[in-house]
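>>> How does the following fold in three dimensions:
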Amino acid sequence: MRKFLPVISLLLLVVLACEDPFLNQTYIEKTDADLELSNASFLKKNASEFSLWIDLLKYADMYNALNDAATTSTVFAPNNEAMEAFLAWKGVSRVSELDPSYARYVAQVHILPYNLNESSFITYVETGTIPIPTVFGSYLTTSYGSLNTDVDDRYRDTVRVQDSLTIYLNNQAKVVALAKTTANGQVYTLGGVIRPLSETILDVLKPYKEYDLFIEAAEMTGYADTVAMYADTVYNLDGSQSVNDIRFTCLAVPDAVFQAAGISSIDQLVAYLGAGSDFTHPDNALNRYIAYHFLGNSYSRQQLFTFQEEGQVVLFDTKLSSQVITVEHKNGQDLINGVATIVRSGIKARNGLIHKVNHLLPVFEPDPVTVRWDFCNYEDIQSFVNAYGATKNLGELFSNALTNK
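The predicted structure follows:
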């Protein structure tokens, strides 16, 4: 028995002398590989490139949402150089100087509540639109290169595409790096900032400084409040609620057109129209004039001037009760009410489109014509169709009351 005691003692000494090199460590050590990071953590890991974007996300109270592993998202993240240029464009030196609501809109328009991988993204680049609404509720357009569209229509054929080998979003922000896959989505790097269409129609017109009289008339009649709306909550029969988009087309008359008719002030416009003093009354001539320049849906120039047969005259309802505009293609020109043409088309606002016209466009009583009634020519129907497209990631399905089937 004694001969075994030294052996047992030696074995105990060896065992007790061993030290576990992984003592107090987790069995699987977490790495910082992108696939194990949330979108927010990925941005934080690359803070040297995205620190200003992180500042904006936190200021807009959107950063933590990107850190939720259960929430899938795709983030189009502007780099620091892009953010610096954006802040300079807004006339501020830091993110905290932005209006909080506007900052939130900026964050939302860069985020899709969807995992958009690189292959699908490239497919949508070819089609020109990502049919998945952003958190802001808008759709992003895609293109190879950027194009200056803020010019009159007659010059657009002469405008050349810039940087045609680079992908751009909304004709504003170039994509400088494609998808980095994370634990809860994708992160794309942008060399520009997408500017959200947060301004409604009259707010879009104000910076141009060439529609002052038209805007003043809209404000005096109270119609500015009407065309500032972009959504409406509808209560259904079953007690549920639906949110319908509100869209307009504005036929905006510039100051130069008023001046050519000898009208340089609101008083002169009132006298020209023979309006009374109660401008907010629906029967007031100034009120009627402004309402007549708004259509109850968003129509592009192409949608306005689409005809099913040669010589056709098409009617569009205006927001002035029981009054319409006529559109036709005659003598090589697209005409409104037989007298006006669109000088600059498709100026975008949050709640519709603006077309600059070259005529006063007074309220017009057209000659009797054959009317073809269309069930789809109602705002609620159009909003319902587009809402369905948004929920199915199909984009805005409604295009034109006359062409939808």
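
>>> Figure out the helix or strand that Gln303 lives in.
Secondary structure assigned from DSSP states H and E places Gln303 in helix 301-304.

>>> Tell me the spacing between Gln259 and Lys356.
In this view, Gln259 and Lys356 are 15 Å apart by C-beta to C-beta, to the nearest Å. C-betas here are computed from N, CA, C, even on glycine.

>>> before we move on, what about Gly338?
Counting by C-beta to C-beta, the separation of Gly338 from Lys356 is 19 Å.

>>> residue boundaries of the helices in this structure?
Per DSSP state H, the chain carries helices over the ranges 4-17, 39-45, 47-59, 80-90, 100-109, 118-127, 201-205, 212-220, 223-226, 255-260, 266-273, 285-292, 301-304, 379-391.

>>> show me what contacts the residue lying closest to Ile215 once chain neighbours are set aside?
Using C-beta to C-beta, 6 or more residues apart in numbering and skipping the chain neighbours, the partner closest in space to Ile215 is Leu202 (5.5 Å). By C-beta atoms under 8 Å, 6 or more residues apart in numbering, the contact list for Leu202 reads 215, 218-219, 224, 227-228.

>>> quick one: which two of these are the most distant?
Across the contacts of Leu202, no pair lies farther apart than Ile215 and Ala228, at 11.9 Å, counting by C-beta to C-beta.

>>> Can you give the contact residues for the strand of greatest length in the chain?
Using DSSP state E, we find that the single longest strand of the chain is strand 173-182. Contacts of strand 173-182 with the rest of the structure, by C-beta under 8 Å, 6+ apart, involve 34-35, 37-39, 41-42, 74, 76, 78-79, 82, 116-118, 121, 146, 163, 166-169, 186-194.

>>> Flag every buried residue along it.
173-176, 179-180, 182 (16 or more other C-beta atoms under 10 Å).

>>> Name the member of the contacts of Leu202 with the most neighbours.
In terms of neighbours by other C-beta atoms under 10 Å, the contacts of Leu202 top out with Ala218 at 28 neighbours.

>>> Name the nearest residue to it, ignoring sequence neighbours.
Counting by C-beta to C-beta, 6+ apart, Ala224 is the residue found nearest to Ala218 once chain neighbours are left out, at 4.6 Å.

>>> Model confidence for that neighbour, exactly?
Looking at Ala224, its pLDDT stands at 96.

>>> what's the answer for Tyr388, then?
pLDDT for Tyr388: 65.
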